[in-house]
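# Take this sequence and fold it.
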Amino acid sequence: MLAVEKVRVSYGSNGNRINALDDLSLNFEKGKLTLVMGPSGSGKTTLLCLLGCLLSPDDGSVFVNGENVAKLSPAERTGLRRHQIGFIFQAFRLFHSLSAFDNVMVTAEIDGDRSEERCSAARQLLETLGLGDKLHLKPKELSGGEKQRVAIARALLANPKILLADEPTASLDSSAGRQICEILRGLAEEKQHTVVVVSHDPRWTHFAHRTVVLEDGRLVDQGGITK
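As a prediction, the model looks like this:
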């Protein structure tokens, strides 16, 4: 479903050129949560950008749902990103003037679809994530963990097959962080999403089916599916 094959990505020019990813090949399984770890500058965020069709490799291939992304037009890549991939960020990226419900509905608004079916799906997602009584609260009225659950609901509204999370627990306390870990693990196992989490947070190692470690753009360790 999701893979990179012999990808290379570099930044800079001439003598200042740095390889962010160097001949990297990885597969990400459906129904599994893969944790990507490594020191700063190891290529974790670059990998996530490739998987999310936000960046193209200098060499190599990126496969999303079996399609080689390089062979798609810009419009097709945008459609793939909007409808097949959900993004979750450390900073939540919620609109401060909107309620929890309207923050989730932002993706539907972009698609021009504020149908009752979409509204019902947004409410159901928030209720499932324990926010049924907080639909009309604005971000400033929510805790960090609650904001992240709103962000997860927003990422799920289009029912994407792939979820990409960049440091989703970095700003959360232990209790809220554990809840987010449990939610994303559950989405992988119960809903059969392909979940990729980039994080320095060691809590994730207890919830990941596999841990991948990068260093200087290369794979240095790849644990098997163990849980």
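# where's A158, which helix or strand?
A158 is part of no helix or strand, with elements assigned from DSSP states H and E.
# F87 is in contact with that one, correct?
No - using CB atoms under 8 Å as the test, A158 is too far from F87 to be in contact (10.9 Å). C-betas here are computed from N, CA, C, even on glycine.
# Bridging across strands, which residues link to the residue sitting nearest the centre point of the chain?
In the chain, the residue lying closest to the centroid (CA atoms, centre = their mean) is L164, at 1.4 Å. Legend: beta-bridge partners of L164 under DSSP bridges are F87, V196.
# List the contacts of it.
Neighbour list for L164: L48, L51, G52, I85, G86, F87, I88, V196, V198 [criterion: CB atoms under 8 Å, 6 or more residues apart in numbering].
# Just send those residues back as JSON lines, with neighbour count and distance to L172 too.
Shown next, in JSON lines, are those (neighbours: other CB atoms under 10 Å; distance: CB to CB, whole Å):
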{"residue": "L48", "neighbour count": "20", "distance to L172": "19"}
{"residue": "L51", "neighbour count": "25", "distance to L172": "23"}
{"residue": "G52", "neighbour count": "19", "distance to L172": "22"}
{"residue": "I85", "neighbour count": "22", "distance to L172": "23"}
{"residue": "G86", "neighbour count": "27", "distance to L172": "19"}
{"residue": "F87", "neighbour count": "18", "distance to L172": "17"}
{"residue": "I88", "neighbour count": "23", "distance to L172": "12"}
{"residue": "V196", "neighbour count": "26", "distance to L172": "19"}
{"residue": "V198", "neighbour count": "27", "distance to L172": "15"}
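# buried ones in the worst-scoring helix or strand of the chain on mean pLDDT?
Here the helix or strand of the chain ranked lowest by mean pLDDT, DSSP states H and E is helix 106-110, holding a mean of 85. Of the residues in helix 106-110, V106, T107, A108 count as buried by neighbour count, 16 or more other CB atoms under 10 Å.
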